[in-house]
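Chemist: would you be able to build a 3D model of this:
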Amino acid sequence: MNKSVPTPSSPQIRPIEAKDFAFIRSLAAEFSTFTVPSEYLLWFLTRFHPDYCRVIEQSNGNVTAYFLAIPTSEPRNGIAIWQAAATKPDHAFALEYFAVYLRSLVERSGVKDVFFTMPADSASLRLIRSLAGHFAECEVVQLKSVPVGQGEYEFRLSIHLNQSESG
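Modeler: A predicted model of the protein is given here:
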């Protein structure tokens, strides 16, 4: 499903295109804990997982954030978020937009768990916990430290949608 999610304001979430690769690579390079994805990897992710890889584009055509994720095979019905990043000062705004998009993806695909990594005491984690309210019933659980994650931990957002909400 390659359609954009319209919003009341001018920015839109849309699938990543080849013209976005330079922006994604440049923004990833600004974060010491991020791996800068190669153009091949970006092509691969957007070719085989287009619903899970998105950018936020402003009405003037500028891209200000990106989201890279993949479906998981273990556990089934999961999503692993690899990277989500935004230009300053749009970080909180981008997380809110991506949370709304993630909810629609969860509802369409029947996802039960969303996995991500980050430092346990980060402002982003506090924001994610507050954005968990976008889902009917969910909890953010800290799992274990990432062996090579530079102080990062794995988290699971378990989602329990009511049947009336998911259909």
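Chemist: CA only for contacts and neighbour counts going forward, please
Modeler: Fine.
Chemist: once you drop chain neighbours, what's closest to the spatially most central residue of the chain?
Modeler: When the chain is reduced to its mean C-alpha position, the closest residue under CA atoms, centre = their mean turns out to be residue 67, at 4.3 Å. Take residue 67 and drop its neighbours on the chain: the residue closest to it by CA to CA, 6 or more residues apart in numbering is residue 84, 4.4 Å away.
Chemist: what strands flank the helix or strand encompassing the one you found, and is each parallel or antiparallel?
Modeler: When secondary structure is defined using DSSP states H and E, the element that contains residue 84 is strand 78-86. Applying DSSP bridges to the sheet, strand 78-86 is found paired with strand 63-72 (antiparallel), strand 113-119 (parallel).
Chemist: could I get the ones you listed as a markdown table with distance to residue 37?
Modeler: As requested, those are exported to a markdown table (distance: least, CA to CA, whole Å):
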| stretch | distance to residue 37 |
| --- | --- |
| strand 63-72 | 10 |
| strand 113-119 | 17 |
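Chemist: ok, which of those comes nearest residue 56?
Modeler: Nearest to residue 56 among those is strand 63-72 (5.2 Å), distances taken as CA to CA.
Chemist: quick check: mean pLDDT across the closest one?
Modeler: The average pLDDT within strand 63-72 is 94.
Chemist: name the surrounding residues that touch it.
Modeler: Residues from elsewhere that reach strand 63-72 (CA atoms under 8 Å, 6 or more residues apart in numbering): 20, 23-24, 45, 49, 52-58, 77-87, 90-91, 94, 98.
Chemist: mind giving me the packing neighbours of the longest helix that the chain contains?
Modeler: For the chain, the helix with the greatest residue count under DSSP state H is helix 91-109. Packing contacts for helix 91-109, counted by 3 or more CA pairs under 8 Å, 6 or more residues apart in numbering; DSSP states H and E, involve strand 12-15, strand 63-72, strand 78-86, helix 123-131, helix 163-166.
Chemist: again, only this time at 10 Å
Modeler: Helix 91-109 is packed against strand 12-15, strand 53-57, strand 63-72, strand 78-86, strand 113-119, helix 123-131, helix 163-166, with contacts defined by 3 or more CA pairs under 10 Å, 6 or more residues apart in numbering; DSSP states H and E.
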